[in-house]
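**Q** quick one: sequence plus predicted model below, questions after.
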Amino acid sequence: MAKVIVDPVTRIEGHLKIEVEVEGGQVVSAHSSGTLFRGLELILQGHDPRDAQEVVQRICGVCPIGHATAATLALDDAFDIAPPSNGRIIRNLILGANYIQSHILHFYHLAALDYVKAPDTIAPLAPRYEGDYRLPEEVNSAAVNHYIQALEMRKKAHEMLAIFGGRMPGQRAIVPGGVTETVDAEKILEFKFRLQELISFINNVYIPDVLAVASVYKDWLDIGRGCKNLLAYGAFPVDDNGTLFFTRGCYTGGADRDFDPAKVTEDVKYSWYDDDTIDKHPGESVITPAPDKEGAYSWLKAPRYDGKVHEVGPLARIWISKDQQLRALGEKAFSVMGRHAARAQEAKMVAEAMLDWLGQLEPGKPTCNPHKVPNQATGMGLTEAARGALGHWIKIEAGRVAKYNAVVPTTWNGSPRDEQGQPGPIEQALVGTPVKDPNNPIEVVRVVRAFDPCIACAVHVITPDRKLRKFRVY
Amino acid sequence: MKELSRRDFLKLCAGSAAAVSLSQALLPELARAVPAAGNPPVLWIQGASCTGCSISLLNSVQPDILKILTEVISLKFHPNVSAAAGELAMRVIEETEAAGNYYLVVEGAVPTKDGGIYCTVGERDGKHLTFLDRVKELGENAAAVLAVGTCAAYGGIPAADPNPTGCKGVQDVFKEEGINTPVLNISGCPPHPDWIVGSLAHVLLFGELPEVDKLGRPKVFYGKLVHDNCPRRQYFDNSKFAKSFSEPGCLLEIGCKGPQAHCDSFDRQWNGGVSWCLKAGAPCIACTEKGFPDDATPFYARMPGVPLPNITASADAVGAVLGAAVVAGIGAHLVGNIATGRLGGK
């Protein structure tokens, strides 16, 4: 049995270590572990609740919008307000623009080098893990050019976002009750101009490239199955009654089911935290680090739904929204290529819907409703970051943040084992993966990157008693 | 071939960049000058960060700048871009270090508590390597260090009270460790891509740091006060204050920290010149300052003691900031506002 350790895993967000055991040329067990710990929820304690949306955006610079959205939804809930239509639509446009940016970045700049052979001598595109790069020469060289074009396209998506968000990363407009930016015809036109260009890129370059890679790497439609349970909180309210563009729900044990937020729990049996958080609802969980805990191996907690392991992300989102093309793939959707395909398909769906939403904006009408900070309240904000289901919970006491907790996509996907010993989605997806050469574990990183992990998001909690002990170094 | 003088360089950097990004403007100069220095190797490392600074830099990257990053300089390692992972990536970093004469870019704060165990960045001899040790080792031997973002410069968000992991900026770590490598602070949460590209270009073109302010930031980008250049300044002067988001008026009462923030976003704007914070109606949160975020929170409540003394105390100089006549004017209307309760605490 060979032990293969990949540390650091590059071309993801944050600090991740993956350890797998290989027997007979394939992975028989896997452990994933995050190696950075900051403590933003602790930092938020005692703050004006409205600080949350700015502070939590710094959880992640790749998708700060998901966090700004979840935070303001939690604040809207706690303050008992809702944005006017214009505010709701602009929030959708900002979040949608970041989906497009994030998906393009992920496929071309984070994942593609596992399939596309970059020029051999150019740092930092070389050196690389050697392995079966098998794209035909002309497809490969087109993909290298698209890598460069995609830099420009993802930049354009950020420009589009900044039209209503002020700037990016770290947009400035999303606030409780709506957005600070206003609507006029010129901004709509500037946005539309860029959106159309992006739609054209998605349809004519991104989707064809994903199909080209998938058709050559067909075996990767059977690798990386994972837990086959999916969860989505849903996102993009398309009217003022809360109807969602991506529906909320789960797919558990092969059947579609309704989602009940009360069934979300966080388990820490194999995480470096005291066990008293087990099975506690995220709105109430209290975290105490326990770095010397026997058997623990990750800073990530293990969120579970109804006690079961669930995968989140674009695959979950559009599967649960019953996208016919994805469902037509059947079992093969639960795979490395299935995840890339779902992401591309979703980029198209969101971009095209954004054109409609843009058309619904009414210049001159309000974008924000006024708010009052309550003395005491609780709030829950459920949305979908580009990487998957994202929930923020806030408890306000004496007009200040008493408790804040974010349960983020990569905590779901990158979670360690739980109380029942069930490995997390990435760990499950790795089992069975063929590894030809333990010195070049390209197959391992292909599986991991298909989930688009964000470790800064996943590891952000800390003890509320403000005491930290020395952590084990192994 | 005429070389770019420092004076021309500064003019280029200071110029409004709405139409042409600074990276494009500096490109020909870099292409001309840098290869002569022998493709300087650059290592980009991340600690307690959110990757926002790298993503911001990408917003300046033109295809041609990609060429610069891959052919003119030699970006040996970048955590989000490198093809290599694991041991292979560790080897690249160590080989670059051994060869010497490289530039180090640090993104993210440095956790120092408990030996820096809160951020580890790979394994060496079967043990985790802390980011603290990484910064010390690579920093000691680098030709210069660019501390990109407020976290790397001063600690930033992860160093906010109660600073659970003992996060510090690079300069403070170096001071404690007696490391004398020059450090350039390129603050901002995140920094504008032009600030990063312009600073890197100066270091590469002239082989030394640009002129800095007392916080170690290039004066060319951080020399001006947001409040002085705010598109809503006229509202302030006329004492018209917005009471809620998306209203016209000066944003002071809903939290703007423009009077204590230095940067040129107002001129340069963001994301291809489409907007910036104040233009979108968002109060400035002073993310380029050393005290960010603690000195800027609550973000949406009026600065404590805004009235005159604090403005003048936190700004570079009364005259430079506001001008004596304006100061008198502000004083008058602020006093008036306080008297009528308009600027009173909530």
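**A** Cool, the structure landed.

**Q** ok, now which ones touch residue A:252?
**A** A:229-230, A:305-306, A:308, A:310 (C-beta atoms under 8 Å, 6 or more residues apart in numbering or on different chains). For glycine as for every other residue, the C-beta is placed from the backbone atoms N, C-alpha and C.

**Q** let's see that with 7 Å instead.
**A** When contacts are counted by C-beta atoms under 7 Å, 6 or more residues apart in numbering or on different chains, residue A:252 touches A:229, A:306, A:308.

**Q** tell me how many other residues crowd the last one.
**A** In this case it means residue A:308. 16 (other C-beta atoms under 10 Å in any protein chain shown).

**Q** next: the first one.
**A** Neighbourhood size, residue A:229 [other C-beta under 10 Å]: 22.

**Q** still on that earlier bit, for the contacts of residue A:252, which one is nearest residue B:244?
**A** residue A:306 (41.4 Å; C-beta to C-beta).

**Q** grab the nearest non-local neighbour of the closest one.
**A** residue A:263 (4.5 Å; C-beta to C-beta, 6 or more residues apart in numbering or on different chains).

**Q** I'd like to know how many residues surround the closest residue to chain B within chain A.
**A** Taking C-beta to the nearest C-beta as the measure, the point where chain A comes nearest chain B is residue A:61, at 2.3 Å. When counting by other C-beta under 10 Å, one arrives at 25 neighbours for residue A:61.

**Q** now do the contacts for it.
**A** Counted by C-beta under 7 Å, 6+ apart, residue A:61 has contacts A:169, B:50-53, B:55, B:190.

**Q** ok, these vs residue A:149, which is closest?
**A** Using C-beta to C-beta, the contacts of residue A:61 come closest to residue A:149 at residue B:55, 18.0 Å.

**Q** doesn't the residue of chain A closest to chain B lie inside a helix?
**A** No - according to DSSP: H, G, I helix; E, B strand; the rest coil, residue A:61 belongs to no helix; its state is coil.

**Q** count of neighbours near the residue lying closest to it once chain neighbours are set aside?
**A** Nearest non-adjacent residue to residue A:61, counting by C-beta to C-beta, 6+ apart: residue B:52, 2.3 Å away. Residues within reach of residue B:52, counting by other C-beta under 10 Å, total 29.

**Q** dump the residue contacts of residue B:52.
**A** A:61, A:64, A:169-170, B:190.

**Q** residue contacts, the residue positioned nearest the centre of chain B?
**A** Per C-alpha atoms, centre = their mean, the C-alpha nearest to the average position across chain B is that of residue B:187, at 1.9 Å. Counting by C-beta under 7 Å, 6+ apart, residue B:187 touches B:149-150, B:153-154, B:217, B:288.

**Q** let's see that with 6 Å instead.
**A** Contacts for residue B:187 (C-beta atoms under 6 Å, 6 or more residues apart in numbering or on different chains) come out as B:150, B:153, B:217, B:288.

**Q** cool, residue A:227 as well?
**A** Residues counted as contacts of residue A:227 (C-beta under 6 Å, 6+ apart) are A:309, A:311, A:425, A:428.

**Q** burial measure for the residue nearest to it when sequence neighbours are not counted, as a count.
**A** Nearest non-adjacent residue to residue A:227, counting by C-beta to C-beta, 6+ apart: residue A:309, 4.3 Å away. A total of 26 residues lie near residue A:309 under the criterion other C-beta under 10 Å.

**Q** and what of residue A:348?
**A** Residue A:348 is flanked by 16 other residues according to other C-beta under 10 Å.

**Q** so which strand or helix has it?
**A** Here residue A:348, judged by DSSP states H and E, is contained in helix A:336-359.
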